[in-house]
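1. whatever this is, show me its structure:
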Amino acid sequence: MTTQVAMVTRFGGPDVLELVETADPVPGDGEALVDVEVSDTLLLETVVRSGLGRDFWPIRPPYVPGGGVAGTDPHGRRVAGYTDGYGGYASKAAAVSVVAIPDGVTTPDAAALLHDATTALALFEATGIGPSDTVLVVGASGGLGVLEIQLARARGATVIAVARAAKLPLLDGLGADLLVDAADPEWPRADVVLDNVGGALGARAVPLVEPGGRFSAHGAAGGAFTTVGRGDVTATGIEVAQLSKDDRVRHLTEALRLTAEGVLKPVIGQTFPLAGAAAAHAAMEGRAVVGKTLLTGTLGG
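-> Here you go, the predicted model:
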């Protein structure tokens, strides 16, 4: 039996992703073979594919990107799980930390939760966001940002969502108390900043944190993680989202439960067929996406 995969054949632009056939993966101890219906994608995967991150990540072409999948296991159960970084852009994958998808949660929604929702829950655990907080979400239109808005509202916080003007309509109805164009010269102050972007935008948020507040500098899409450098602010970074297998399962299970209950609703802005992985990467790199970007494995386009 063979499996279709979107393989990075060499470092370079999106066109280095090619659809090829390989032997079916053989699950190891603790792994389950998943017939993949939907694969998660991350902007980070475009950086690795380009070769810009070769000093930080040891992977070398040829390889198959993708760290999370959703589909069915050999027993016919709908499941979501992780491929530990690679092998997820495929029609079949060996997955670990597999969690059953509850009724009321679609398979695409489960795939969209794999990384963004577990990261969001870890960030909220670290920052202790509660009903007395005003939360500023920088980069609110991405897959992670939209979930942060919903979680903050569920905890009773006041939410300020910052995004590009063209992407602000996406955020209507998600529960933000105030929508702010990232290009506006002034943003409101906040008790907590959730910085999904870094770079120049993240830096703009640093002076806006109230003394004694918290700043989560976990995003680097803007070119670098934000340096907070304030002694009166508690700063955390991407290390908060480096989860153990137990915490990953715990947060994914919680995210699936919250989604089944209607507290969370991932925003899937665009899907591409597995054969269109190159187009998905091009769209993410060009910032032409909103919400979550997913690949469909056995579902077609």
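
2. now do the helices in the stretch 1-150 of the chain.
-> Listed in chain order, the helices of the stretch 1-150 of the chain (DSSP state H, counting those that start in this stretch) span 43-50, 107-127, 143-154.

3. minimum distance to A95: which of the ones you listed has it?
-> With respect to A95, and counting by C-beta to C-beta, the nearest of these is helix 107-127 at 10.0 Å. In this view, the C-beta of every residue, glycine as well, is placed from N, C-alpha and C.

4. the helices of the stretch 1-150 of the chain: lowest mean pLDDT?
-> The weakest mean pLDDT among the helices of the stretch 1-150 of the chain belongs to helix 43-50, with a mean of 94.

5. partners of the residue lying closest to V64 once chain neighbours are set aside in the sheet?
-> Spatially, and ignoring its direct neighbours in sequence, V64 is nearest to V5 (4.6 Å; C-beta to C-beta, 6 or more residues apart in numbering). For V5, the beta-bridge partners under DSSP bridges are V20, A90.

6. counting neighbours, what do you get for V5?
-> Neighbourhood size, V5 [other C-beta atoms under 10 Å]: 29.

7. same check, this time on A126
-> 17.

8. pretty sure it contacts T236?
-> Yes - shown here, A126 and T236 form a contact pair, counting by C-beta atoms under 8 Å, at 5.2 Å.

9. any chance of the helices of the stretch 1-150 of the chain in a markdown table, with distance to L179 too?
-> Converted to a markdown table, those look like this (distance: least, C-beta to C-beta, whole Å):
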| stretch | distance to L179 |
| --- | --- |
| helix 43-50 | 22 |
| helix 107-127 | 19 |
| helix 143-154 | 10 |
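
10. contacting residues for the spatially closest residue to R164 that is not a sequence neighbour?
-> With sequence-adjacent residues excluded and distances taken as C-beta to C-beta, 6+ apart, R164 is closest to A182, at 5.4 Å. Counting by C-beta atoms under 8 Å, 6 or more residues apart in numbering, A182 makes contact with V138, V162, A163, R164, A165, L201.

11. now T253
-> Remark: with contacts taken as C-beta under 8 Å, 6+ apart, T253 is in contact with V99.

12. pretty sure it sits in a strand.
-> No - looking at T253 with DSSP: H, G, I helix; E, B strand; the rest coil, it is helix, so not inside a strand.

13. and it, how close does it get to V98?
-> 11 Å (C-beta to C-beta, to the nearest Å).

14. list the buried residues of the lowest-mean-pLDDT helix or strand in the chain.
-> One helix or strand of the chain scores below all others by mean pLDDT, DSSP states H and E: helix 168-171, with a mean of 91. Counting neighbours by 16 or more other C-beta atoms under 10 Å, one finds that the buried residues in helix 168-171 are L168, L170, L171.

15. nearest spatial neighbour of the last one, skipping sequence neighbours?
-> Using C-beta to C-beta, 6+ apart and skipping the chain neighbours, the partner closest in space to L171 is A161 (5.1 Å).

16. the one you found touches A176, doesn't it?
-> Yes - if you go by C-beta under 8 Å, A161 and A176 touch, sitting 3.9 Å apart.

17. now R248: closest residue in space, sequence neighbours ignored.
-> Spatial nearest neighbour of R248, excluding adjacent residues (C-beta to C-beta, 6+ apart): S97 at 5.3 Å.
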